[in-house]
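Engineer: Pasting the sequence and the predicted coordinates here, then a few questions.
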Amino acid sequence: MLKSVLKSGFAVAAAVLLGRVLGFGRDATVAATFGIDRSADIAVFLIGLPDFLINVLGAGGFTAILVVHYRQKPAEAARLMFQAGLAVLLGVGALALVLIALRGGLVDALAPGFDAAARERTVDLLPLVLLSAPIAAMTGASIGFLQAKGRFFVAACGAAIINTVLIAAMLGAQPGRTLSVLAAAILAGALLRWLVQAAVIGREGIGGIAFRPWLVDRSLMKAFVRAAATEAVVFFYPFALRAIATLFGVGALASVNYATKLVQLPLGVVVMTLTTILLPQLAGLAPRERNAADLGPFRRLAVHGQFWILVLSAMAVAVLVVHGSWLVRLAFGWGEIGPDGLAAIASFTAVFSLSLLPMGLNVFLRRALNALGETKSPMSAEIAGFATFIASAFAVIAADGPLEAVLLCAAGGCFVSMVMLLAAMSQRGVPLVQEFRRPGLWAAVVLSALATAAPGLILERLAPGHAWLPAIAIALGGLAGLCAALAVNREARAAVRTLLPRRQ
């Protein structure tokens with residue numbers, strides 16, 4: 001099983017990495033084009049709003065729930081994809097029309113620090129952006145279908161398609177029209193992503209076009225609603241950070257956005273790759289009823305998933321802390337941002353990177369609980385964590401604390417959610433909390449992080465200030481960190497050996 005997971009993981013990692021790199025390139029293009037002024041804040045708001053709406057409506061959880069149903073009832077998969085996609089298209093489409101009518105209030109709620117000029121320009125551009133939301137929501141059904149069929153690469157290429165369209169639009173726009181072209185490109189990118197996936201599904205999708213019997217029943221809708229509530233709360237973290245950042249002056253929203261996107265690059269590649277591959281596997285191993293005797297294979301796979309997410313997240317934290325300033329200069333130092341702006345982004349990046357371990361594990365734990373048919377516990381856990389974050393963030397604001405302290409509050413909220421999700425797994429007969437307490441697990445995590453950081457710390461002392469030395473250090477550190485993790489995980493070593501060519 002681990003061998004198949006690793007093989008599929010390479011394809012997904014490539015697609016996700018491409019999408020994240022292009023997303024990184026998109027943000028770098030925004031930084032180079034607009035800097036950190038009012039236009040940059042508007043561009044960041046426009047790009048982030050569709051993702052915000054789709055995640056508030058539970059697109060990630062919507063896809064995860066559908067993957068489980070696709071795997072459990074493959075004969076009905078194509079029809080369920082059509083019906084679920086149609087239902088969400090109509091529902092989100094109606095909501096989009098309402099938001100277009102109320103777009104002034106939407107901007108006031110989500111960007112309270114915008115001045116009059118920024119608000120007016122954002123309100124003018126919102127209709128095109130909001131129309132992309134129903135198309136993006138509908139895509140969740142086709143993404144889940146492709147994942148359930150093991151066609152992970154195409155499903156994972158969606159972000160790469162959209163980011164390519166956005167980068168091309170900004171680079172090709174005439175001066176003075178970049179924001180207008182960007183708004184149109186957001187809608188075009190969402191449509192192109194769905195068309196590509198529909199073309200790949202082909203005749204399988206056409207064969208599922210049927211209205212009877214209607215498969216989107218009450219139990220499925222209940223699961224959708226709970227998943228939507230959970231994903232909404234999760235996605236509110238970065239968006240709430242950006243909204244709060246508008247209270248810290250012009251350019252703060254853009255600066256925090258650049259930092260969070262830099263942190264989310266490894267989070268997306270590592271966590272989304274593992275969860276995308278493991279969710280269908282976990283869904284296939286999950287018993288239909290609560291019978292602990294049937295949970296052995298599920299538990300073993302969950303333990304492996306937890307191990308690698310913690311290890312790889314710790315390695316990412318080490319890279320961002322040691323090489324954060326260099327990565328910020330590399331990504332955003334070739335445009336309109338000055339030294340002070342780059343220093344602020346680097347500071348935000350280092351602080352927010354501490355959220356990676358609990359945030360990454362939370363994604364995996366939510367999906368594992370979804371595979372077990374549990375949607376209530378993830379919702380409760382994320383609501384509690386987000387409430388902790390908001391309460392502590394407002395306390396920081398009331399005390400005139402720095403923006404870095406608000407970022408730390410986000411890490412605290414993620415930790416609260418993590419504790420509750422681990423408890424929920426134990427209640428379902430998968431005691432990952434016991435593995436979480438095992439000293440050997442944390443020895444591997446710490447050892448991998450130290451091994452990842454060591455080349456950078458050593459090379460910086462030997463040749464300080466070298467332009468491309470950090471890139472070499474990151475590569476060496478990544479290899480050292482993986483070797484350290486493999487050294488303490490026997491089953492992972494065995495799985496890697498099966499991928500190596502055998503000598504005749």
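Structural biologist: Ah, there it is.
Engineer: For the rest of this, base every contact and every neighbour count on C-alpha atoms.
Structural biologist: OK.
Engineer: okay, the nearest residue to Phe332 once chain neighbours are set aside: pLDDT?
Structural biologist: Using Cα to Cα, 6 or more residues apart in numbering and skipping the chain neighbours, the partner closest in space to Phe332 is Ala28 (5.4 Å). As summarised for this prediction, Ala28 has a pLDDT of 80.
Engineer: ditto for the one 10 residues further on
Structural biologist: As summarised for this prediction, Arg38 has a pLDDT of 82.
Engineer: Thought Val250 was touching it, still the case?
Structural biologist: Yes. Look at Arg38 against Val250 with Cα atoms under 8 Å: they come within range, at 6.6 Å.
Engineer: burial of the residue nearest to Phe332, as a residue count?
Structural biologist: Counted with other Cα atoms under 10 Å, the neighbours of Ala28 add up to 22.
Engineer: Pretty sure it sits against Arg329.
Structural biologist: No. At 10.3 Å, Ala28 and Arg329 do not qualify as touching, with contact defined as Cα under 8 Å.
Engineer: Which secondary structure element is home to the residue nearest to Phe332?
Structural biologist: Ala28 is part of helix 2-34, with elements assigned from DSSP states H and E.
Engineer: Strands of the stretch 401-504 of the chain, residue ranges please.
Structural biologist: Taking DSSP state E, counting those that start in this stretch as the test, none of the stretch 401-504 of the chain falls into strands.
Engineer: Do a quick rundown of the helices in it.
Structural biologist: Along the stretch 401-504 of the chain, counting by DSSP state H, counting those that start in this stretch, helices occupy 403-427, 432-436, 439-462, 469-487, 490-499.
Engineer: From Phe248, how far out is the closest residue to Ile65 other than its chain neighbours?
Structural biologist: If you skip the residues right next to it in sequence, Ile65 has Asn370 as its closest partner in space, 6.6 Å away by Cα to Cα, 6+ apart. With the distance defined as Cα to Cα, to the nearest Å, Asn370 ends up 38 Å from Phe248.
Engineer: now do Leu407
Structural biologist: Counting by Cα to Cα, the gap between Leu407 and Phe248 amounts to 13 Å.
Engineer: and what of Leu282?
Structural biologist: The spacing between Leu282 and Phe248, counted by Cα to Cα, is 43 Å.
Engineer: so what's Val216 up against?
Structural biologist: For Val216, the set of contacting residues under the criterion of Cα atoms under 8 Å, 6 or more residues apart in numbering consists of 80, 83-84.
Engineer: Just to be sure, which of those are found in helices?
Structural biologist: Among these, the residues falling in helices (DSSP state H) are 80, 83-84.
Engineer: Which of the residues in stretch 203-219 are classified as buried?
Structural biologist: Within stretch 203-219, the residues scored as buried using 16 or more other Cα atoms under 10 Å are 205, 208, 215.
Engineer: So which residues make contact with stretch 396-406?
Structural biologist: Around stretch 396-406, the neighbours that count as contacts under Cα under 8 Å, 6+ apart are 241, 245, 248, 347-348, 351-352, 392-393.
Engineer: I'd like to know which of those residues are buried.
Structural biologist: 241, 245, 347-348, 351-352, 392-393.
Engineer: Distance-wise, check the residue lying closest to Ala453 once chain neighbours are set aside relative to Leu356.
Structural biologist: If the residues on either side of it in the chain are set aside, Ala453 comes closest to Ala318, at 5.4 Å by Cα to Cα, 6+ apart. In this view, Ala318 and Leu356 are 11 Å apart by Cα to Cα.
Engineer: burial measure for Ala160, as a count.
Structural biologist: Other residues near Ala160 number 21, with proximity taken as other Cα under 10 Å.
Engineer: can you pull the contacts of it?
Structural biologist: Contact partners of Ala160, counting by Cα under 8 Å, 6+ apart, are 15-16, 18-20, 22-23.
Engineer: That'll do, ta.
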